[in-house]
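Enquirer: Let me see the structure of the following:
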Amino acid sequence: MPFEREAVLEQALIAMLGAAKDMGVETDVLVSNAMNGLLANASYRWIKESALNSVINEMALAHFAQAARPDQVRAERERLSRMES
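Expert: Numbers count the residues shown, from 1 in each chain. Modelled structure (predicted):
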């Protein structure tokens, strides 16, 4: 059964944040810098401005998911989804 691309990308992002944390990188700073870079139109931003809130919410959720239980992640995903509406 093929995996949905969204789930695969989410897992990849969470794994990268987890590996960065294991390497001693301050993931709070990493995520904050990435978000600020997206908002400032950094060289690694290619998505339309209209999608930035969704991108930033996904980054925040992935960062949260590093240490959270699955039920906490679901609740946070629902909260962010309501904010986007």
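Enquirer: Quick check: which ranges of the protein have low pLDDT?
Expert: 1-2, 69-70, 85 (pLDDT under 70).
Enquirer: And the helices in it?
Expert: Assigned by DSSP state H, the helices in the chain fall at 5-22, 27-39, 52-65, 70-84.
Enquirer: which of those helices sits most buried?
Expert: helix 52-65 (a mean of 17; mean count of other Cβ atoms under 10 Å). To be clear about C-beta, it is placed using only N, CA and C from the backbone, and glycine gets the same treatment.
Enquirer: got the CA coordinates for that helix in CSV?
Expert: Extracted in CSV, the C-alpha atoms of helix 52-65 (Å, rounded to 0.1, in the frame of the first residue of the first chain):
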residue,chain,number,x,y,z
LEU,A,52,3.2,30.5,4.0
ASN,A,53,0.9,30.2,7.0
SER,A,54,0.3,26.6,6.2
VAL,A,55,4.0,25.9,5.7
ILE,A,56,4.8,27.7,9.0
ASN,A,57,2.1,25.8,10.8
GLU,A,58,3.4,22.5,9.5
MET,A,59,6.9,23.4,10.7
ALA,A,60,5.6,24.3,14.1
LEU,A,61,3.7,21.0,14.3
ALA,A,62,6.7,19.0,13.3
HIS,A,63,8.8,20.7,15.9
PHE,A,64,6.1,20.1,18.5
ALA,A,65,5.9,16.4,17.4
